[in-house]
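Asks: Build me a structure from this.
(one chain, ligands or ions: 1)
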Amino acid sequence: MTSTLSANLKQRADYTHKHNLRTGRHGWLRLTPAYSVKMVEELIGAMERPACVLDPFCGTATTGLSAAYHGHSAVTTEINPFLVWLGRAKTARYSHRDILRARDACVAALSLVKRGKISPALEPPIHNIGRWWTPESLKFLRTLNAAIDETTAQGTSERTLLRVAFCRTLISLSNAAFNHQSMSFKTEGVQFALAIATDQCGMFEDDVRFVLCGAEENPTGSCAVIEGDARDLPQVLKTRFELVITSPPYANRMSYIRELRPYMYWLGFLVNGRDAGELDWVSIGGTWGVATSRLTEWKPRTQCHCGKKLNEILERISHQENANGVLLANYVAKYFEDIWMHLEGLRAVLSKGARIHYIVGNSTFYGVLLPVEEFYADMMRTLGFEDVQIRPVRKRNSKKELIEFDVSACWRAAI
Ligand SMILES: C[S@@+](CC[C@H](N)C(=O)[O-])C[C@H]1O[C@@H](n2cnc3c(N)ncnc32)[C@H](O)[C@@H]1O
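Replies: Numbers count the residues shown, from 1 in each chain. So this is what the prediction gives:
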């Protein structure tokens, strides 16, 4: 079945985060698990009048920003405080005065850096920081960070905009490579050459220009980004929604913390590795640091709602020949328990007739295919959703069995 599907599907770079890079504010920061604004717009475009749109797994606010640009009122929830900050920065309205102030603050900050009139800020406590930046780049970033603090006041839009630009610069100057599914490191020679060849102040200026260009394009609608847990929606949200477009964490053991670490440490959202593990543990699908050891001990809280089909898969994954089989079977079981809790609560914040779209990818563990889309569809049906559909969207990579789907359904009941 999967191979027949895959034969007719393409990888579609326009349906990935790559499409966002040159799309104004959507391209402010690159985050691999972000989905394509094009895919969201195709779904939002079907709404003929302003609607209340929800994205419970906000990430970089692709849905929220797109909905606001189309004149809708969006609300998003996100568990990671850095992404909450970024989502608010991306969806805010900026006046002409805000833009001029940010431009002036950039000139003032770079003047301090160039004249050597400011001491570098403390080094962020990133493990093995020398792997990320050369000593020259690190010193520049620390000095620029201090200069931004000096020339902008806390809580102002100019500080926010310069910090977004700073995030762009710090990642461009880093040794991070994005040629894999997630982030890895370039070889040292490449980074060294970049450090020598780069006009670092000019790079920051370019990044500020790019960010301000996006900031000038204000949305006509609105988006509120709420820091909260998608498993507690009835407690977190006070309104009801007509449309949900979201991509929940994938069941593929990819930790968002891994890629977000540099930004989170530089901006003070993380101060040590232990906190990174704690945040990953409270996030759905997290397995970074302490989250991995806790998973080994984890026991289900609720009866498995995915039934016999999931149990059979868990047994195959946890087979004794698979070195980390028990851990990974627990990972998968917890993932579906968390998503069940989320979908169960979601019903209370939907208007009658609401349509929901979940963009999800399937996964494999030790060669065992996990048909994530089928489990989502089963859970939706069990919870009373109607008209449940599974639509294949694209192939995720060259492996023919890995596919991304839009699992959609309609909520007709009233709770
Ligand atoms: C696949 S990403 C979403 C990407 C997003 N569609 C975008 O375009 O950037 C999933 C997001 O869910 C967030 N998340 C994980 N567990 C959560 C929870 N319990 N409540 C709310 N957000 C959560 C993660 O931090 C991550 O940002």
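
Asks: what's the neighbour count on the residue in the stretch 1-150 of the chain positioned nearest to the ligand?
Replies: The ligand sits closest to residue 59 of the stretch 1-150 of the chain, with a gap of 2.5 Å, by C-beta to the nearest ligand atom. In short, each C-beta sits where N, CA and C put it, glycine included. Residue 59: 24 surrounding residues under other C-beta atoms under 10 Å.

Asks: ok, and it, which helix or strand is that part of?
Replies: Element membership for residue 59 (DSSP states H and E) is empty, with no helix or strand holding it.

Asks: Residue 31 is in contact with that one, correct?
Replies: Yes. Proximity of residue 59 to residue 31 meets the contact threshold set by C-beta atoms under 8 Å, at 6.7 Å.

Asks: what is in contact with the two at once?
Replies: The overlap between the contact sets of residue 59 and residue 31 (C-beta atoms under 8 Å, 6 or more residues apart in numbering) is empty.

Asks: OK, contacts around the spatially closest residue to residue 168 that is not a sequence neighbour?
Replies: Spatial nearest neighbour of residue 168, excluding adjacent residues (C-beta to C-beta, 6 or more residues apart in numbering): residue 207 at 4.1 Å. Counting by C-beta under 8 Å, 6+ apart, residue 207 makes contact with 165-166, 168-169, 172.

Asks: got it, and residue 123?
Replies: By C-beta under 8 Å, 6+ apart, the neighbours of residue 123 are 129, 138, 142.

Asks: Moving C-terminal from the helix or strand of the chain with the lowest mean pLDDT, which element do we reach first?
Replies: When the helices and strands of the chain are scored by mean pLDDT, DSSP states H and E, helix 188-197 comes last with a mean of 54. Using DSSP H and E, the helix or strand that directly follows helix 188-197 along the chain is helix 200-215.

Asks: for the residue in the stretch 101-250 of the chain that the ligand sits nearest to, what are its contacts?
Replies: Residue of the stretch 101-250 of the chain nearest the ligand, by C-beta to the nearest ligand atom: residue 230 (3.5 Å). Applying C-beta under 8 Å, 6+ apart to residue 230 gives the contacts 56-57, 77, 79, 248, 284, 342.

Asks: next one: phi and psi at it?
Replies: Taking degrees, to the nearest 10, you get phi -70, psi -10 for the backbone angles of residue 230.

Asks: For it, which non-adjacent residue is spatially closest?
Replies: Closest to residue 230 by C-beta to C-beta, 6+ apart is residue 56, at 3.9 Å.

Asks: How many residues are close by the one you found?
Replies: When neighbours are counted by other C-beta under 10 Å, residue 56 registers 29.

Asks: How much space separates it from residue 342?
Replies: 7 Å (C-beta to C-beta, to the nearest Å).

Asks: what is in contact with the two at once?
Replies: Joint contacts of residue 56 and residue 342 (C-beta under 8 Å, 6+ apart) are 230, 233, 248.

Asks: Correct me if wrong: the last one contacts residue 57.
Replies: Just to be clear, that refers to residue 248. Yes. Look at residue 248 against residue 57 with C-beta under 8 Å: they come within range, at 4.8 Å.

Asks: Give me the common contacts of the two.
Replies: 230, 284.

Asks: Now the spatially most central residue of the chain: closest residue in space that isn't a chain neighbour?
Replies: Centroid-nearest residue in the chain: residue 59, 3.1 Å away (criterion: C-alpha atoms, centre = their mean). Of all residues not flanking residue 59 in the chain, residue 34 sits nearest, at 5.6 Å (C-beta to C-beta, 6+ apart).

Asks: Please apply the same query to residue 110.
Replies: Here the residue nearest residue 110, using C-beta to C-beta, 6+ apart, is residue 201, at 5.2 Å.

Asks: roughly how far apart are that neighbour and residue 169?
Replies: Per C-beta to C-beta, residue 201 is found 10 Å from residue 169.

Asks: Between these two, which is the more surrounded one?
Replies: residue 169 (22 against 17).

Asks: so which strand or helix has that one?
Replies: helix 157-172.

Asks: Cool, thanks, talk later.
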